[in-house]
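> Provided below are the primary sequence and the corresponding predicted coordinates.
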Amino acid sequence: MRNEKKSLAIVIILSIFACFTLAGSMLVFLGLNALSMANLFAAALASGYLMLLLKRRDDLRHEPSRVQIPFILFAILVIPVITTVSILITYSYEFYLVIISVMMPLTFINMMFYLPIAVYDRFLNSNLQNRMLTQIPIISIIVPAYNEAANIKRTLDSLVESDYPAKEIIVVDDGSTDLTYAIASQYRQSCRHCTIKVIRKQNGGKASAMNYGLRFAVGEIVVIVDADSVIEKNAIKEVAIEFQKPDVVAVAGTVKVLNPINILTNCTALECVIVPNLQRPAFSLLGIVMIVPGALGAFSKKRIIQRGLYDRDTLTEDFDLTIKIAKGGGKIIAIPAISYTECPTTLKGFYKQRSRWYGGVFQGLLKHNDAMTVRRYGMLNRLGYPITFLLFVIPPFLDFVVIAITVFAIVEGLPVSYVYGFFLFFAFQIILSGIAIIMDKNRPSKLILYSVFSILGYKQINNFIVIASILYILMRRRHHHKW
């Protein structure tokens, strides 16, 4: 308890410093003028709206189902852009300021909404204290596997050693050409307190493997675990505890990096600390976590069947299914239970993995674009879809535009004070990384050394892959429509 109070005090102090650095960078960039006031107003308006959603989350689905664009898009995009355009004549770096005016409200959202809720959820949320398992339903754990001979033993060891008693493990060998099936089959008699089924099928992709596994699942709760992941001993029990709440339909675990061995993997590890500790708690409290990861994700089996199982028309079936589940109502929440997974150690492997992820996310956003306008989707319409779309599509393009304009402006004689503004903004991001590390239960303090790379380098690599994936999917759709 004393360590928790100490951590809370440190987080509050760092949050104050973060406020000062962000405010300082904004003053340098924009000054005390109408533009800065518009940004402050837009960010405060958006944050207030999000707080209102938090209070009304259970009532939104019962409102009339007329088409309506989510208000949050207006608050954090339209207001700053309109204000900026209206005063362009008075500035020398007009386009530069337009870009900054769009970026700043998004940053303020982190400070004014995400961070306070993250602190509350981590240190002050009484609902997370003394949680007990009052019933023990059967949980079916599906492990889709294709050529995972090198990893499947480690994964199954962690599942067998899980301390949840009423579980069945279903390994679906999706036409592997290595020893995956043989290794998995050795576990059929190795678990005293669970049932292990090993099923073989022709290769059809991960979505078909999980749908096939669902045929054999007897549990009312289905947990998906990738064949290269290692779950914590208490992870399945944590899932069961959350499903005791009648309105919970899906639970997202926390994914950590198993192999932080170089700069790339450590930057990925830092990313896996920042997102679940700073951003995801707000979505979880609102019941609209947007991605239930394949490394550790749980669903109501009944809801999966109602929503049509996994589709094969996107590259990321987990994101697609999460949105389908969200459209049907209920809460999708996150838990701190951890699944460790190996991430790519080379840029080539990283690009291959992320291009599939980001391409699949964009496909899912296009496929479910009705979530932007159909009000009966509740929190998905009001927050989940618009924020995901906004933060996925816009910042990567703006980031490169800002870099290009900044370089050009410096060459053309940008005031030195603007450079100080960038340093303050970088300091703000580093402080946020530090806060996320302190809030993480494992406290991987060495990752703070990689926060600079996550701002300059790793971030741009990610943004480049996002842009390339978006353009690739758009070109494929255009080519398909031509034919």
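Noted; the coordinates are in hand. Remember, it's a predicted structure, so these values are computed and weren't measured experimentally.
> Okay, now the unreliable bits of the stretch 151-300 of the chain?
Nowhere does the stretch 151-300 of the chain drop to pLDDT under 70.
> ranges for the strands of the stretch 251-400 of the chain?
297-300, 331-341 (DSSP state E, counting those that start in this stretch).
> would a markdown table of the ones you listed with mean neighbour count and distance to Gly360 be doable?
Quick note: C-beta positions are derived from backbone N, CA and C, even for glycine. As requested, the strands of the stretch 251-400 of the chain are exported to a markdown table (neighbours: other Cβ atoms under 10 Å; distance: least, Cβ to Cβ, whole Å):
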| stretch | mean neighbour count | distance to Gly360 |
| --- | --- | --- |
| strand 297-300 | 24 | 15 |
| strand 331-341 | 22 | 17 |
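> Relative to Pro116, which of these is closest?
Nearest of these to Pro116, taken as Cβ to Cβ: strand 331-341 at 17.2 Å.
> possible to save the strands of the stretch 251-400 of the chain as TSV with distance to Asp440?
Shown next, in TSV, are the strands of the stretch 251-400 of the chain (distance: least, Cβ to Cβ, whole Å):
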stretch	distance to Asp440
strand 297-300	20
strand 331-341	9
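> mind checking which of those strands is nearest Ala182?
Evaluated over the strands of the stretch 251-400 of the chain, closeness to Ala182 peaks at strand 331-341, with 23.1 Å, by Cβ to Cβ.
> Which elements pack onto that closest one?
Applying 3 or more Cβ pairs under 8 Å, 6 or more residues apart in numbering; DSSP states H and E, one finds that strand 331-341 contacts strand 229-231, helix 235-242, strand 248-257, helix 280-285, helix 317-327.
> Quick check: mean pLDDT of that strand?
When pLDDT is averaged along strand 331-341, the result is 94.
> now the angle from that strand to helix 317-327?
Using axes from the mean of the first three to the mean of the last three Cα atoms, to 10 degrees, one finds that strand 331-341 and helix 317-327 are set 160 degrees apart in direction.
> Same list, the helices and strands packed on strand 331-341, but as CSV with distance to Lys441 please.
Output for the helices and strands packed on strand 331-341, formatted as CSV (distance: least, Cβ to Cβ, whole Å):
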stretch, distance to Lys441
strand 229-231, 15
helix 235-242, 12
strand 248-257, 10
helix 280-285, 13
helix 317-327, 24
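> on that earlier part again, of all the strands of the stretch 251-400 of the chain, which lies closest to Leu456?
Checking the strands of the stretch 251-400 of the chain against Leu456 by Cβ to Cβ gives strand 331-341 as the closest, at 26.0 Å.
> what separates the closest one from the chain centre, distance-wise?
11 Å (Cα atoms, centre = their mean, to the nearest Å).
> any idea how far Ala334 is from Thr322?
Applying Cβ to Cβ, to the nearest Å, the value for Ala334 to Thr322 is 11 Å.
> Need the overlap of contacts for the two.
Shared contacts of Ala334 and Thr322 (Cβ atoms under 8 Å, 6 or more residues apart in numbering): Val289.
> Low-confidence regions, the stretch 301-450 of the chain specifically.
405-406, 408-410, 412-422, 424-425.
> what ranges do the helices span in it?
301-306, 317-327, 347-367, 379, 385-411, 416-439 (DSSP state H, counting those that start in this stretch).
> got it, and the stretch 51-200 of the chain?
Under DSSP H, counting those that start in this stretch, the stretch 51-200 of the chain gives helices at 71-73, 79-86, 94-109, 115-119, 152-160, 180-185.
> my read: Lys233 touches Val160, true?
No. Contact criterion Cβ atoms under 8 Å: Lys233 and Val160 do not qualify, at 10.6 Å.
> Who has more neighbours out of the two?
Val160 (16 against 12; other Cβ atoms under 10 Å).
> Enumerate every residue touching the more buried one.
With contacts defined as Cβ under 8 Å, 6+ apart, Val160 is in contact with Ile169, Tyr187, Ser190, Cys191, Cys194, Ile196.
> beta partners for the first one?
For Ile169, the beta-bridge partners under DSSP bridges are Ile141, Ile196.
> what about it, distance to Pro137?
Separation of Ile169 from Pro137 (Cβ to Cβ): 16 Å.
> Settle it for me: which of the two has more neighbours?
Using other Cβ under 10 Å, the more surrounded residue of Ile169 and Pro137 is Ile169, with 25 against 13.
> And the more buried one, how far from Leu258?
Counting by Cβ to Cβ, the gap from Ile169 to Leu258 is 20 Å.
> can you count the residues close to Arg192?
6.
> How about the one 10 residues further on?
A count of nearby residues for Gln202, using other Cβ under 10 Å, gives 8.
> Do I have it right that it meets Gly175?
Yes. Using Cβ under 8 Å, Gln202 is in contact with Gly175, at 5.0 Å.
> Quick one: residues in contact with stretch 178-194.
145-149, 152-153, 156, 160, 165-169, 171, 173, 196-198, 200, 227.
> can we see that at 7 Å?
Identification of contacts with stretch 178-194 by Cβ atoms under 7 Å, 6 or more residues apart in numbering yields 145, 147-149, 152-153, 156, 160, 165, 167-169, 171, 173, 196, 198, 200.
> can you check stretch 322-333 too?
The contact list for stretch 322-333 (Cβ under 7 Å, 6+ apart) reads 61, 242, 247-252, 284, 287-292, 299, 303, 306-308, 364, 368, 371, 377-378, 380, 384.
> now do 8 Å
Stretch 322-333 is contacted by residues 61, 242, 245, 247-252, 284, 287-292, 299-300, 303-304, 306-308, 311, 364, 368, 371, 377-380, 384-385 when judged by Cβ under 8 Å, 6+ apart.
> now stretch 465-482
Residues outside stretch 465-482 that contact it (Cβ under 8 Å, 6+ apart) are 351, 354-355, 358-359, 362-363, 366, 392-393, 396-397, 400.
> rewinding a little: can you list the contacts of Val160 in TSV and add distance to Ile274?
As requested, the contacts of Val160 are arranged in TSV below (distance: Cβ to Cβ, whole Å):
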residue	distance to Ile274
Ile169	32
Tyr187	36
Ser190	38
Cys191	36
Cys194	35
Ile196	36
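> Let me know the closest of those residues to Ile438.
Of all the contacts of Val160, Ile438 sits closest to Ile169, with 35.7 Å by Cβ to Cβ.
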